[in-house]
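Asker: What shape does this take:
(chains A, B, C and D)
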Number of protein chains: 4
Amino acid sequence: MIIILKESATDAQVDHVVERVEAMGLKAHLSKGTYRTVVGVIGDEDKIRTAPLGAIAGVAEVVPVQPAFKLASRTAHPEPSIIEVGSGKVVTKIGGGHLGMIAGPCAVESAERMDEIAGAVKAAGANLLRGGAFKPRTSPYSFQGLGEEGLKILREVGDKHGMPIVTEVTDPRNVELVAEYSDMIQLGARNMQNFVLLTEVGKTDKAVLMKRGMAATVKDLMMSAEYVLSQGNSKVVLCERGVKGFDNATRNIYDVCAVPQAQEMSHLPIIVDPSHATGRPELIPACALAGLAAGADGVHIEVHNCPEEAMSDGPQALLPEQYAELMAQLKKVAVAIGKTF
Amino acid sequence: MIIILKESATDAQVDHVVERVEAMGLKAHLSKGTYRTVVGVIGDEDKIRTAPLGAIAGVAEVVPVQPAFKLASRTAHPEPSIIEVGSGKVVTKIGGGHLGMIAGPCAVESAERMDEIAGAVKAAGANLLRGGAFKPRTSPYSFQGLGEEGLKILREVGDKHGMPIVTEVTDPRNVELVAEYSDMIQLGARNMQNFVLLTEVGKTDKAVLMKRGMAATVKDLMMSAEYVLSQGNSKVVLCERGVKGFDNATRNIYDVCAVPQAQEMSHLPIIVDPSHATGRPELIPACALAGLAAGADGVHIEVHNCPEEAMSDGPQALLPEQYAELMAQLKKVAVAIGKTF
Amino acid sequence: MIIILKESATDAQVDHVVERVEAMGLKAHLSKGTYRTVVGVIGDEDKIRTAPLGAIAGVAEVVPVQPAFKLASRTAHPEPSIIEVGSGKVVTKIGGGHLGMIAGPCAVESAERMDEIAGAVKAAGANLLRGGAFKPRTSPYSFQGLGEEGLKILREVGDKHGMPIVTEVTDPRNVELVAEYSDMIQLGARNMQNFVLLTEVGKTDKAVLMKRGMAATVKDLMMSAEYVLSQGNSKVVLCERGVKGFDNATRNIYDVCAVPQAQEMSHLPIIVDPSHATGRPELIPACALAGLAAGADGVHIEVHNCPEEAMSDGPQALLPEQYAELMAQLKKVAVAIGKTF
Amino acid sequence: MIIILKESATDAQVDHVVERVEAMGLKAHLSKGTYRTVVGVIGDEDKIRTAPLGAIAGVAEVVPVQPAFKLASRTAHPEPSIIEVGSGKVVTKIGGGHLGMIAGPCAVESAERMDEIAGAVKAAGANLLRGGAFKPRTSPYSFQGLGEEGLKILREVGDKHGMPIVTEVTDPRNVELVAEYSDMIQLGARNMQNFVLLTEVGKTDKAVLMKRGMAATVKDLMMSAEYVLSQGNSKVVLCERGVKGFDNATRNIYDVCAVPQAQEMSHLPIIVDPSHATGRPELIPACALAGLAAGADGVHIEVHNCPEEAMSDGPQALLPEQYAELMAQLKKVAVAIGKTF
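Answerer: Have a look, this model is predicted:
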């Protein structure tokens, strides 16, 4: 950590900074420049990271040099992690060259519809089935999901088609229930900094799909992953699904560069979700291809066989035949960059 | 609601749109332009709002004309709401000309410190005491708050100084506990779209301080308020505390224009929190004055008597004497615009 | 165009809107809903587009339904344009399946350095050589480019290696000079809405590389292209190079989704510039691959053989050997999606 | 300047960094931490600022500690500057407690209209008259201004009403012409980084109104002011007029906190322009009051006596009577904070 003092800092203020640093068991190394004094902190940055050094009189800026996340960091774990989703014979691996191709409707609506969609996406090459049973909706008057009934349907359909399943949890009181039915638990974008929920999910042994919040930096995403990891659950897969931008022609701005950034910082796999990032079916194929080419460890796509009747997010779903066509293109690009699914 | 069709829309597609609208019990009114057909939907927009009309083939855009929030909307309730916080003799009113001046440390740290700070801010004119007992922290390794012990301290100190108290809740399982001790429950920015938590808080009879999320539009804030109101709790006070911007010289970008926007849309009071919006003490006074002049129904400021020892957000706290000086200026501006506190 | 009136609009206000529309030679079609009246404007939207209809009392919103750009729009020109850069035997085509692979240093520094870099990027497969002679720098104290001397060097080196050249113009008084030496004129991001400069460049017959401004929507980019096209120059190539975002870990946020959006709106080719979008060499390869996979008509990369001595933007340049390695990967992805360079 | 090396940096890389620093005539001071080496650069940062140190192998980050702008900085000039606009008896001072209240229509449309508006705003207390003769419009098909004819009208009307005048310049070839007619030259938001234009304007002796670009940080604004100052023109007034944000309910996001930030960094006055920042007349009064209370040295408002006939930006103009009412409120707040106009 480096503490940069103000030009106006007095000697007494510099001394006080040094004193505070040493009181925390670290060493301070002074560097007096022409205009400013800089204090280099020597020792384990963890001891001092949460101390409010910026509040000390005379301090202009505090520059950390160690990442605040440890378990998620690549420094601690140089090889990419491979996360196994599912159990027994039905396992999908994500990371380290293995691609997680997740598809399904936004919400579980009925057993018949789920079955039809699952059959179609499986045939197209998907290896993980998604569907929401608990839906976080911006309006209290919108469809909130089928709850446990939805979980049951998803489990049965997943088993029938031999696909591990992923579904969202929104309530810490439901984590056990959702974990019981599913292979992978989704933490939605709006809950990426719901630390209570993160902690509960971290106590399960299920794989976790952690979506990046719309106002979260890539580093924020790492800190949220750290919450889950710090509880003992190391099976976290990250997901880029768009951040807030100024051009409202798309729902969010799809930050494909989060993929190489996350892979540089962390050993955890990262997939992309162009459905939520763009919100517009006609833009999804190009963005899916972009994500895969950028090195993503998988692609998450919403698919519905009758979008105009969908109970949630219909306008952004691909039709099964559009998904199949996209998957054919994705396969070619995967081969070109030395991956397969 | 207005449905704009694509230039390429066929007659059959137009007919299908009309059919879908009528199937939902509304009337469709066609307007054929030189290039495009537009369908005006006549009747109660609520019946159709959540239908995925944008997913119908041939539809280019769906333009709603009624707000999706009803209870929070000014249309439904033209007069500004006045929210009472506290009970018995210790009541602070917010809205309709009454200013809620909230102050206190980020976190409750100890009874002594809380008492000292409370005495100072009360003397300076604050009429609501804040302090966090459950802290949502971006790092799992940071101080997470004193929990129930913190609630007890805050309650005692508030009672001693004759100030209603406000504190944050982060877990739906703790809502009852927090409601038992406090006069006003804070929903933090990172939980503005934690709909499970919103619903639980809506079931209490306590006043609610709802902070705007960093990626939330003013309309999103209204939708979240609607969640609380729809559960029967009408005592919601909104709070602008900064949104994500590209200039990282401040923690967030302080959107003072959210104040007149919220007041145009809604009857609910809105206050400003320049402490979290800027994250820099030297910018807080100017932003506090700006918020009040813009018409805010109160100002929320973090105050600490020893920021360099604060267990949370020390670098952004004002000292008690800085707070007193700011309050003297705020009083003058309040008088100039016909308000008092 | 659709004019949505306020709920409170009076009959007289509705009549006045109709009157204004008809005075401009268009027809107004009234649609009275349960809560609001909507006026559909029938006829050529161009006649009315710039009229301040939103300023009429009682008007809530004005929704255009025709794009404000005509020459750039795909409606007017359904087939993708193929832009030829260069003349005689040294021609590079961009668009319609042809990829423009632009490479070179940020600034022209000397004939020797330019020659070395040109040889290296040509060998790696680049088909257009870049180098700045007039540099727009945020600091008045930074190197501003070699001026005409730089143009001469670039021309000579381009001719020697058989590559058309592209260089930036920043001053309307220099457009003729730059046009004389170069094959393609670059309009930089900071000048995307320098309408005076756009107009002058539109009067030349050179190809134009128009970079998206950091605060420009894709539609804004189209409007700026329209400026050039409206002067008679139809040889415009668009370029995505990052927009402002809140995560300062990268210079800008790379909006790869601008590629399919631009191609949906316009017949003009669009390339990507991951060098300026990210500002970090280690992220450039992934973003370049993403852009190509998303359908971009080319890739623009800054290459320097000694970045630590570069006179401008050194830290974001790739080394020639890094560029060659990237180009090998780009070729594979190009083949996978049916393109070549 | 502080140069932070990567954890993986070799001794040879550290040596090379030191060598480069010393080759530029500065001293390097090494600080070896537990995990990283940090190089403090001692001496005048200007000598090294533009060197691409970030491109040296092993360097992780370069942290400047001196502002890159000198003439604009408060360090160089601790007292606030007072800028005089106009000459002879008709002078308006801005800064150091003097408020510049600028008003007028977006564009000069005719002598009669200009005269009527000028009379009204003068009566309400405005002390500077604005009106555009050269309009930068996003569409090539929109009204582009009356040119020199507009300048003549503005000059005559300003003289008649005893108000200095401010008008925009967009073309470096017109700077002399605009300087001849006007008292203050406006550099528009889209031209804030048109360095060619900045340089030409810096050669005149007229006051300059420099609007913040929509993608510019406050520091970027300082760098652009530095361009003008470095040419010898020290009469720069800054203007906050909104930056890009994600909530499209307003045209831009009004960054009132730029006011105290700019005043901390610089001695130059800064005013606010809520007309362009919000684009919505109903939000302008609250934002104008906020700006003044935040310490702005003036307020810029667009006023038109018949917005529905305005040739540019009609929907955001206040009516003369709305302006008069706002000015009465602004006067009260000005008094409350110890200022007058």
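Asker: When you work out contacts or count neighbours from here on, use the C-alpha atoms and nothing else.
Answerer: Fine.
Asker: Look up how far chain B lies from the residue of chain A found nearest chain D.
Answerer: Among the residues of chain A, A:F246 lies closest to chain D, at 4.2 Å counting by CA to the nearest CA. Counting by CA to the nearest CA, to the nearest Å, the separation of A:F246 from chain B is 10 Å.
Asker: residues near the nearest residue to that residue once chain neighbours are set aside, how many?
Answerer: Distance criterion CA to CA, 6 or more residues apart in numbering or on different chains; nearest residue to A:F246, sequence neighbours excluded, is D:F246 at 4.2 Å. D:F246 is flanked by 22 other residues according to other CA atoms under 10 Å in any protein chain shown.
Asker: mind listing what the residue in the stretch 51-200 of chain A positioned nearest to chain C touches?
Answerer: Nearest residue of the stretch 51-200 of chain A to chain C, counting by CA to the nearest CA: A:P67, 13.2 Å away. By CA atoms under 8 Å, 6 or more residues apart in numbering or on different chains, A:P67 lies in contact with A:S73.
Asker: From D:E61, how far out is it?
Answerer: 14 Å (CA to CA, to the nearest Å).
Asker: Is it correct that A:V59 is in contact with A:I2?
Answerer: No - contact between A:V59 and A:I2 fails when scored by CA atoms under 8 Å: they sit 10.7 Å apart.
Asker: Tell me if stretch A:87-103 is near chain C.
Answerer: No - judged by CA under 8 Å from any CA of the partner chain, stretch A:87-103 stays clear of chain C, getting no closer than 15.2 Å.
Asker: and that stretch, which residues are buried?
Answerer: A:90-103 (16 or more other CA atoms under 10 Å in any protein chain shown).
Asker: cool, stretch A:66-73 as well?
Answerer: So stretch A:66-73, judged by 16+ other CA under 10 Å, has buried residues A:P67, A:A68, A:F69, A:K70, A:L71, A:A72, A:S73.
Asker: Regarding the third one, what is its secondary structure?
Answerer: Secondary structure state of A:F69, per DSSP: H, G, I helix; E, B strand; the rest coil, is coil.
Asker: Can you give me the neighbour number for A:E282?
Answerer: 16.
Asker: Out of the buried residues of stretch A:66-73, which one has the weakest pLDDT?
Answerer: In this model, the minimum pLDDT among these belongs to A:P67 (83).
Asker: list the contacts for A:S8?
Answerer: Contacts of A:S8 by CA under 8 Å, 6+ apart are A:G58.
Asker: all strands for chain A, in order.
Answerer: In chain A, the segments counted as strands under DSSP state E are A:2-5, A:27-32, A:37-42, A:59-63, A:83-87, A:90-94, A:100-104, A:128-130, A:165-168, A:184-187, A:207-211, A:236-240, A:270-272, A:298-302.
Asker: Which positions in chain A make contact with chain D?
Answerer: Near chain D, when you scan chain A using CA under 8 Å from any CA, you find A:4, A:29, A:31-34, A:36, A:38, A:40-44, A:65, A:244-248.
Asker: Just the buried residues of those.
Answerer: For the residues of chain A next to chain D, a burial check counting by 16+ other CA under 10 Å picks out A:4, A:29, A:31, A:33, A:36, A:38, A:40-44, A:65, A:244-247.
Asker: Most widely separated two among the buried residues of stretch A:87-103?
Answerer: Comparing all pairs in these by CA to CA, the longest separation belongs to A:G96 and A:A103, at 20.5 Å.
Asker: centre of the chain versus the helix ranked longest in chain A, how much separation?
Answerer: In chain A, taking DSSP state H as the definition, the longest helix is helix A:320-336. Distance of helix A:320-336 from the chain centroid (CA atoms, centre = their mean, to the nearest Å) equals 23 Å.
Asker: Show me the shaky parts of chain A.
Answerer: Scanning chain A for pLDDT under 70 picks out nothing.
Asker: So it: which segments form each domain?
Answerer: A:2-63, A:83-336 (automatic domain parsing).
Asker: Using a markdown table, lay out the ones you listed together with distance to D:E156.
Answerer: Converted to a markdown table, those look like this (distance: least, CA to CA, whole Å):
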| stretch | distance to D:E156 |
| --- | --- |
| domain A:2-63 | 50 |
| domain A:83-336 | 41 |
